[in-house]
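1. need a 3D model of the sequence below.
(2 chains)
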Amino acid sequence: MISETGFDPALYDRFPTRGARPRGELETLAAVWCGPRSFWQWITAINNNFVGVYYVGAAMLFFVLAGVLALLMRTQLAIPLNGLLPQETYNQLFTVHGTMMMFLFAVPAVEALGVLLLPQMLGARDLPFPRLSAYAFWAYLIGGLAFFSSIFFGLAPNGGWFMYPPLTSSTWSPGINADFWLLGIGFIEISAIAGAIEIIVGILRTRAPGMTLDKLPVFAWAMLIFAGMIIIAFPSVILATTLMELERALDWPFFDPARGGDPLLWQHLFWFFGHPEVYIIFLPAAGAMSTIVPAVARTPLVGHRLVVLAMLATGFISFGVWAHHMFTTGMPRISTGFFSAASAAVSIPAGVQVFSWIATIAAGRMRFSTPGLFALGSVIIFTMGGLTGVMVAMVPFDWQAHDTYFIVAHLHYVLIGGMVFPLFAAIYYWTPMVSRRALSERLGRWVFWLMFAGMHLAFLPMHLSGLMGMPRRVYTYLPGRDLELPNLVSSVGAFVFAAGVLVWVIDMARSFRPFGDRTAGNVHDGAGLEWLPAGLYSVRSIPVVTSLYPLWDQKELARDVEAGRYFLPRSATGERETIVTSTLNAEPQYLQILPRPSGWPIWGALFTAGFFLLLTVQAYWPSAVSGVLAIYCIMSWCWTLDRRPACGTADIGAGIEVPTYASGPTSHGWWAMVITLVVGGMVLAMSAFSYVFLWSRNPGVWLPPPPVTSLVTLLVLDAAAAGLAWAACRLQRRPGSHPATAATLMLVLAAASLAAAWALDLGAWRAAGPHPTVHAQGAMVHAFMAWQGLFVAVTVLMAVFAILRRIAGRLRPDLPTTADLIALFVVYTAGQGAFSGLLLRLFPGG
Amino acid sequence: MGRWAFMLGGLIVWAVHFIGVYGIVSIGDVVDRADAPAWRLAALAFTGACLAALAAHLIAAIRRLRTRDQGAASLRFMTEVAILGSALATVAVLWQAIPAVSRG
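-> Got it, this is the predicted structure:
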């Protein structure tokens, strides 16, 4: 076998080791990974066993709360001219329902499932950035609760979950309702991106040795693609919400056609995120299905490679279908043709997965346990939703069905079949992994049948009411139009569905007992590593994986893992640690020291939430204070990073020694920074699209840019910053204190150079004339400046951080990671500044 | 990174093709008419270039599969996914180009 890193695969033959492990080893491991003992420790817990459960719990709480709103809406619509809810309240309810289901339930729920399951599934002790997981969770919980609470004060957004302007502009939506959506969702997306970074690095770098890509569990594949899609798609909605908020707060007319803007820009940006969002939700659920179906059918997944390919293909093509939500906006017919073709093409990879599940069920001996029922129900419902999806991908049909209840029916079939039922299958399937008791099979069947029947009762008639012309988002309808019966049936169905959810809540209350010393175990005979006996430290020893279905094919695995006969059977350094492996072949590279619990991520999340929420209610000074405190907490958190244990190498089992520190492209921190910068790059790319799009709407009236001489200065300063950062990295590694001090100074100079470039560029544009409130060109230019200014500000903070670390002796030749990451950020910022400068001056030019 | 790009090569060409044809007709919409013959031809020419790239990728992947050490499980897997992806992308690109030749 070819080695990827120089690691000799023959070393795997040393495992499982023989002989008994030393006494006290397991007790030490348990002590290092001990759980919380006080209330504060429960709050500051960062281990995935805790944060994962909190995360799933919070997502399900939001599911129930959003479901209650749906019941109120269905009660209102049960009979014509019902007076239960005033129109304005109804508008707020459907907006909050849709927003919560999409942003506070669907994406976080699958992300939470990943945080909970992936470490055990991959054979890692924990994900590589557990404090980032905790930060993401607390930011999400606080932001989500604040968002939901707005409904009790009449401050909830009311423009629908996709918030189209001009309805949501300050002219038509005065007050702060829309701001709650814009700032709240923007903030929650940051949490989702943080989780995605954690998941990507976790899957690529912390797999059990031997878990090559062909042995990577299909759920992990799904989560990898899911997280990659978040990194590509979510920056678009962050940009959209930022532009809208800038328009509302500062009167920058991005979406105002009277001043060169275009409301269609919002639709492009929103749906570039919004349609992939559907697959972002679907893919992890499909990954769960592809894990559960083989277990309940007791046979390997049919067409594993094709399923992986199908998920990858779904990830790609989902970015080419955004405009199928815009068929009625008057786009050129040939453009709608391209989007229609792409939309129809999505059914191929989705179909591959559905046929794989059906074939697996047919090939095996299906057990109709609760997870099995939910899996089967999912296939039926999702296929029905997929078929109506192909219908609405056809432009002439979409013209008829657009914004009617037919679309409401279609999207609920897709989302409930593609995500909710698989999630319930996953909950029933994996609960025994984290709970002392499995959930009740008897109650589970009630849950399934009530939800399955209720789902069809509620949404099947909506196809008819839609085709009969009932528009979505109306708070009532007139009698005598044959809409009474389908609406009444839908309302009854909604309550039947809710009864199923209620029975599930009762089942959870009766049986779910997490955080104990033991679990119910592998009651479904699953094949993945997550079913190995485990504690808070995950598995006792990290196995060598030789099969896609290790527990089925490696018969003695559980016994040997529990006996400590594989990798890392102890704490090698006395700290929390996990093995970092290579991306393709999962060869051991180094031992990562994981952090202990700390309050900084929680405080950081609290103050970050405070910053956004106070900004929403226009309490600017308290918001600024909260922002400063958030920066302080996050810097304090970062202060404890980049440590090197006293021992340079550690024995990770069977005499195999690996380093305890790594820097550069090998290190997990470098990967996280690169992915973070990809997010920044996507925002930049979408900004460039917005700029060109707005120009194309009205090219004749754009002002000429500043003289090209200012561009030369800008490019020279940006190049100098990048060069200084690169040189600082090289210098930092030389032994002695002087090179380290010089490297620090070079980083400071690089930051200063970036700041000077930005200030000169801004000055040149202000002198040239396009004012941000007068025309969309000025608004876009200033948006670019604001984005670059944000990066420059972070660079300056990083420079201050580097100085402090140098003074404290934490920036030295044997700890190069901090300087590496700062340099990486500086080089990106310089590139971003140069790109913006070139684009704004050369296109469309003077 | 190169290996990942090779594995995803077919799908990347698919994505580039989509963005390309959409971009071409969008430019056409600004300067002329989106469905004017010149822009349709440009979209078709771009489709031809993408199909050529897919063919090259497919051939390279098949050759790599034949010569690759059978023990390198990850690489074999990636090459197989590359072949499947390229084949799928070829069909998808052809399908995607239909609006450029239809009268619609």
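
2. next helix or strand past the lengthiest helix in chain B?
-> The helix that spans the most residues within chain B, counting by DSSP state H, is helix B:37-67. Using DSSP states H and E, the helix or strand that follows helix B:37-67 towards the C-terminus is helix B:73-101.

3. that following helix vs helix B:37-67, what angle?
-> Orientation check (axes from the mean of the first three to the mean of the last three C-alpha atoms, to 10 degrees): helix B:73-101 against helix B:37-67 gives 160 degrees.

4. in the stretch 601-750 of chain A, what residue is nearest chain B?
-> Nearest residue of the stretch 601-750 of chain A to chain B: residue A:696, at 4.7 Å (C-beta to the nearest C-beta). For every residue, glycine as well, the C-beta is placed using N, CA and C.

5. now do the contacts for the closest residue to chain A within chain B.
-> As assessed by C-beta to the nearest C-beta, chain A sits closest to residue B:99 within chain B, at 2.9 Å. Contacts were defined as C-beta atoms under 8 Å, 6 or more residues apart in numbering or on different chains; by that measure residue B:99 touches A:334, A:337, A:338, A:340, A:341.

6. name the element the first one belongs to?
-> In other words, residue A:334. Assigned by DSSP H and E, residue A:334 belongs to helix A:333-345.

7. what's the answer for residue A:121, then?
-> Taking DSSP H and E as the criterion, residue A:121 maps to helix A:107-122.

8. in the helix or strand following that helix, which residues are buried?
-> Once the chain leaves helix A:107-122, the next helix or strand it forms, by DSSP H and E, is helix A:130-149. For helix A:130-149, burial by neighbour count (16 or more other C-beta atoms under 10 Å in any protein chain shown) applies to A:130-144, A:146-148.

9. report the buried members of the contacts of residue B:99.
-> Buried among the contacts of residue B:99 by 16+ other C-beta under 10 Å: A:334, A:337, A:338, A:340, A:341.

10. in JSON lines, list these along with pLDDT.
-> Supplementary listing: the buried ones among the contacts of residue B:99 in JSON lines, determined by pLDDT from 0 to 100:
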{"residue": "A:334", "pLDDT": "90"}
{"residue": "A:337", "pLDDT": "91"}
{"residue": "A:338", "pLDDT": "90"}
{"residue": "A:340", "pLDDT": "90"}
{"residue": "A:341", "pLDDT": "90"}
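
11. closest to chain B out of those residues?
-> residue A:337 (2.9 Å).

12. OK, contacts around that closest one?
-> A:395, B:98, B:99, B:102, B:104.

13. distance between the helix holding residue A:334 and the chain's centre?
-> A distance of 28 Å separates the centroid of the chain from that of helix A:333-345, by C-alpha atoms, centre = their mean, to the nearest Å.

14. now the very next helix or strand once past it: average pLDDT?
-> Following helix A:333-345 in sequence order, the next helix or strand is helix A:347-363 (DSSP H and E). In this model, helix A:347-363 has a mean pLDDT of 93.

15. just stretch A:467-481 next, same as before
-> Stretch A:467-481 carries an average pLDDT of 95.

16. contacts for that stretch?
-> Stretch A:467-481 is contacted from outside by A:76-77, A:80-82, A:85-87, A:90-91, A:94, A:160, A:401, A:403-408, A:466, A:482-483, A:486-487, using C-beta under 8 Å, 6+ apart.
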